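> Sharing a model prediction with you, sequence too.
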Amino acid sequence: MVEHLTKETFLTKVFNFENNQEWKFEGSKPCIIDFYADWCNPCKMVAPILEELATEYAGKIDIYKIDTEAEQELAGAFGIRSIPSMLFVPMNEPPQMSVGALPKDSLKQAISDVLLKEVN
């Protein structure tokens, strides 16, 4: 299931940017973070795909959503200028940002190439 993050949950589950200058992933498995807004039509198109992927990859990756309207500080911390933007966060490498609504097959390819490559 896709989990919505606030700044507080982000700091404990993804990256505590208040205490760390350098990237240090806090999670226990790779994740995708979808930066979205309720008024954004491409975001609405991606939402059910992310729900499907959360089910398909349950136990392997986490999928999070951050409402850029409610969490402007988080959006600012990652320089989000357009939405949807997705941050792919592997376990032991720097995160990679993707901007725009991606189709399901592209998301699955990114999961395979970026998030689960160490596992496969």
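Good, I have the coordinates.
> hey, C-alpha coordinates of the lowest-mean-pLDDT helix or strand in the chain in CSV?
Between all helices and strands in the chain, the lowest mean by mean pLDDT, DSSP states H and E belongs to helix 72-77, at a mean of 92. Extracted as CSV, the C-alpha positions of helix 72-77 are listed here (Å, rounded to 0.1, in the frame of the first residue of the first chain):
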residue,chain,number,x,y,z
GLN,A,72,6.3,22.6,0.8
GLU,A,73,9.5,22.3,2.8
LEU,A,74,10.1,18.8,1.6
ALA,A,75,9.3,19.8,-2.0
GLY,A,76,11.8,22.7,-1.6
ALA,A,77,14.4,20.4,-0.1
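> Who are the packing partners of that helix?
helix 7-13 (3 or more Cβ pairs under 8 Å, 6 or more residues apart in numbering; DSSP states H and E). The C-beta positions use only the backbone N, C-alpha and C, and glycine is treated the same way.
> Now do the helix it packs on: distance to the chain's middle.
13 Å (Cα atoms, centre = their mean, to the nearest Å).
> List the contacts of that helix.
Contact partners of helix 7-13, identified using Cβ atoms under 8 Å, 6 or more residues apart in numbering, comprise 3, 5, 17-18, 26-27, 31, 62, 64, 66, 71, 73-74.
> List the buried residues of the least confident helix or strand of the chain.
Across helix 72-77, burial judged by 16 or more other Cβ atoms under 10 Å covers L74, A75.
> just the strands in the chain please.
Using DSSP state E, the strands of the chain run over residues 3-4, 31-36, 62-67, 85-89, 96-99.
> for those strands, which one sits closest to E56?
Of all the strands of the chain, strand 62-67 sits nearest to E56, with 10.2 Å by Cβ to Cβ.
> just for the chain, where's the confidence low?
118-120 (pLDDT under 70).
> again, only using 90
1, 17-24, 77-78, 117-120 (pLDDT under 90).
> what's the longest helix in it?
Criterion DSSP state H: the longest helix present in the chain is helix 41-56.
> Convert the C-alpha atoms of it to CSV, please.
Below are the C-alpha coordinates for helix 41-56, written out as CSV (Å, rounded to 0.1, in the frame of the first residue of the first chain):
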residue,chain,number,x,y,z
ASN,A,41,-4.1,15.6,-13.6
PRO,A,42,-0.9,13.6,-14.6
CYS,A,43,-0.5,12.9,-10.8
LYS,A,44,-4.0,11.5,-10.7
MET,A,45,-3.2,9.2,-13.7
VAL,A,46,0.0,7.8,-11.9
ALA,A,47,-1.7,7.2,-8.6
PRO,A,48,-3.5,4.0,-9.4
ILE,A,49,-0.4,2.6,-11.1
LEU,A,50,1.6,3.3,-8.0
GLU,A,51,-1.0,1.5,-5.9
GLU,A,52,-0.7,-1.6,-8.3
LEU,A,53,3.1,-1.5,-8.0
ALA,A,54,2.9,-1.3,-4.2
THR,A,55,0.9,-4.5,-4.3
GLU,A,56,3.1,-6.2,-6.9
